[in-house]
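Visitor: Next one to model:
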Amino acid sequence: MAINNNNKNTSFLFPQTNSTILPDPSKFFSQNLLSTPLPTNSFFQNFVLNNGDQPEYIHPYLIKSSNSSLSVSYPFPFFNFFAKSQDFCPDLTITSSSKSSNEKHIISSYSDLSVTLDIPSSNLRFFLVRGSPFLTFSVTQPTPLSITTTHLIHSFTSNDSLTKYTFNLRNSQTWILYASSPITIRKVPNDTSDVFCYHIDEITSEPFSGIIRIAMLPDLKNEAVLDKFSSCYPVSGDAVFTRPFCVEYKWLKRGSGDLLMLAHPFHLKILCDIIDRDATILSDFKYESKDGDLVGVVADSWFLKIDPVSVTWHSSNGVKKEYHKEIVSALLKDVEKLNSSEITKTLSYYDGALIARAARLALIAEEVGFLDVIPKVGKFLKDTIEPWLDGTFNENGFFYDKKFGGIVTKQGCMFYCNECLHSGICNAEINHLGYFLYGIAVLVKLDPDWGRKYKPQAYSLMEDFMNSSTSLNPNYTRLRCFDLYKLHSWAGELTKFSDGRYRKGSVDAINAYYSATLIGLAYGDADVISIGSTLTALEILAAKRDVTLWYYSRHASKTCFRILPLLPISEVLFSDVGYVKDLVEWGVPAFLGSGRLEEGWKGFLCALKGQYDKDNSMKKIRKFSFSDVENSFSNLLWWIHSRG
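Guide: Predicted coordinates:
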């Protein structure tokens, strides 16, 4: 299910630039990967940023590479004030005991669900496949290995064939090593007479070549499970959109026997066809993670299916005629304020938000049958969108950075700018560009001739973050922000974080994929509608299961960043009244503040409360006089009056 634009409009590129703040991709990627766009928000991003020595979470382990070694940690999740987190502790560090240098690691290949990390100086190749209970690596030529731990090794045993070793650590962990052929491993003597001295226990091997698999034993009763599935290992994994609202995981495996992988709780909820595909869920085989228990699944492929989501321009219930007059009155005032010459900010986020806010007015006017204001809205949209698309906006503009194959902004790529929201490091896709695409989709709907003229630019903006096939469009990486294992988007882009990616706000992603789907509706593109609505549905489900948002400390702000912008798709996101009540109660502090900013937050909370207490919410909203960047009074009235 790839976007296939037959008239080649996707070949358009904004003017090229060389960002001064983007990192050098050649430092950690193999040369054969540099000719195609590189991922800027991948699950292995920390391996290729700065020194490449920050850990990444390859479920169920935290993995950290440094110089000629790789360390693995089975982390213990904990809660802090903001969110559930986990710290890296090098339970085991793997290297060669005769390494020739301290050369950096190299990413030699990657796919949707895996990354292959090479350590040439140690003759090691790690197949880091997400959801594998084993850390699997190949020793590419006879090499003596060294495995160290910061925990004392209490016991160390092997089987008779010398293909399985078990070592129990002082921290109560038990790790098992499996080898594809006999390997002789010994524990290096260590003087532990001084209990106050810091020790590193080490085991070493004679020269070995072949496959090594290492797993932390989650429970003694599960050792037989690890034994049974130790011979079959994945080297890569792809996620295929076979049809709307379906994703299939396919792993390339080697060795013998069946493949054992781990599913997080959301996987298990949508593995609806698993019984028909000869797969087995091992309910008692579990690893703890910050995403919930990871459960064993035996299968070469998984079929994931979610409930369909209908993407529409207008509300599902419509607005009763008795409320039209009040909305029309608000529309007249909001449209009268539209003046492109009075836009004082030149940043892509704020311009995009104002464009989307205005576009909502046109659709609300359509819904209540008040078409008189639509021409002025259309003119405003043209005046504000066209300069960004045709390069005549001198203060800012969209540019294409070939280094990573991504859209950046003129201001963002010249200097590191917090107000630019990192739009110079390919971090604009699921908030900045989503707003622009919403405005473009509405304008195409209103003026098809305009739409035909600017279709190449519209598709370029969309495929920057929703390109489903690099073979069809080699200008952009595949699904730049979407995590095909976690099944939601990230917002970190080319920024390192202590244990991988971070998630700023799910509504930004919902808005982006929803807006991209509207582009498909406006142009009659079934492929775009299919992939866009599928990603929208997955983001909505992710928002409901992820109830913490660490970026903002105040509950009021946290809640509102789960609401804005209010759109017809918001009906699906907030269809569960119990979920909505929890969000509103969580954001009650917003009602205690005063001032213009607080009134903006109150508007969003009142709108949300309208899902189950329409009358009281309307009384509060009618007292508001604010004009928010992402919202309008007309939109608030539309939302409340279209509630069932």
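
Visitor: residues near the residue lying closest to residue 135 once chain neighbours are set aside, how many?
Guide: Using CB to CB, 6 or more residues apart in numbering and skipping residues adjacent in sequence, the residue nearest residue 135 is residue 214, 4.7 Å away. All C-beta atoms are positioned from the backbone trio N, CA, C, and that covers glycine. Residues lying near residue 214 (other CB atoms under 10 Å) number 19.

Visitor: In a strand, residue 214, correct?
Guide: Yes: the assignment for residue 214 is a strand, going by DSSP: H, G, I helix; E, B strand; the rest coil.

Visitor: what's the burial count for residue 242?
Guide: 12.

Visitor: My guess is it contacts residue 249. True?
Guide: No: counting by CB atoms under 8 Å, residue 242 stays clear of residue 249, with 10.8 Å between them.

Visitor: quick one: the strands in the stretch 301-450 of the chain?
Guide: 301-305, 398-401, 406-409 (DSSP state E, counting those that start in this stretch).

Visitor: Need the winner for burial among these.
Guide: strand 406-409 (a mean of 28; mean count of other CB atoms under 10 Å).

Visitor: so what's the residue nearest to residue 135 up against?
Guide: 72, 92, 94, 134-135, 175-178 (CB atoms under 8 Å, 6 or more residues apart in numbering).

Visitor: Show me what it bridges to in the sheet.
Guide: Beta-bridge pairing for residue 214 (DSSP bridges): residue 135, residue 177.

Visitor: pLDDT score assigned to it?
Guide: Looking at residue 214, its pLDDT is 98.

Visitor: Tell me how far residue 95 lies from residue 336.
Guide: 69 Å (CB to CB, to the nearest Å).

Visitor: quick one: which of these two has more around it?
Guide: residue 95 (21 against 10).

Visitor: Sketch out the low-pLDDT regions of the stretch 251-400 of the chain for me.
Guide: Counting by pLDDT under 70, the stretch 251-400 of the chain shows low-confidence ranges at 273-277, 342-345.

Visitor: Do you have the helices of it handy? List them.
Guide: 265-270, 324-336, 348-367, 374-390 (DSSP state H, counting those that start in this stretch).

Visitor: Please apply the same query to the stretch 501-644 of the chain.
Guide: According to DSSP H, counting those that start in this stretch, the helices that the stretch 501-644 of the chain contains are 506-523, 526-545, 555-560, 570-573, 577-586, 596-609, 614-621, 633-641.

Visitor: Pretty sure residue 529 sits against residue 521.
Guide: Yes: using CB under 8 Å, residue 529 is in contact with residue 521, at 6.2 Å.

Visitor: Overlap in contacts, these two.
Guide: residue 311.

Visitor: on that earlier part again, which stretch among the helices of the stretch 251-400 of the chain is buried most, on average?
Guide: Using mean count of other CB under 10 Å, helix 348-367 ranks as the most buried of the helices of the stretch 251-400 of the chain, with a mean of 24.

Visitor: ok so, going back, ok, which of the strands of the stretch 301-450 of the chain comes nearest residue 279?
Guide: strand 301-305 (7.0 Å; CB to CB).

Visitor: So what touches that closest one?
Guide: Against strand 301-305 from outside (CB under 8 Å, 6+ apart): 245-251, 261, 263, 267, 270-274, 277, 279, 487.

Visitor: What is the distance between that strand and the centre of its chain?
Guide: Offset of strand 301-305 from its chain centre (CA atoms, centre = their mean, to the nearest Å): 19 Å.

Visitor: Would you mind extracting the C-alpha trace of it into PDB?
Guide: Provided in PDB are the C-alpha atoms of strand 301-305 (Å, rounded to 0.1, in the frame of the first residue of the first chain):
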ATOM      1  CA  SER A 301       5.000 -13.100  10.800                       C
ATOM      2  CA  TRP A 302       2.300 -11.200  12.600                       C
ATOM      3  CA  PHE A 303      -0.900  -9.800  11.300                       C
ATOM      4  CA  LEU A 304      -2.100  -6.600  13.100                       C
ATOM      5  CA  LYS A 305      -5.600  -5.300  12.500                       C
END
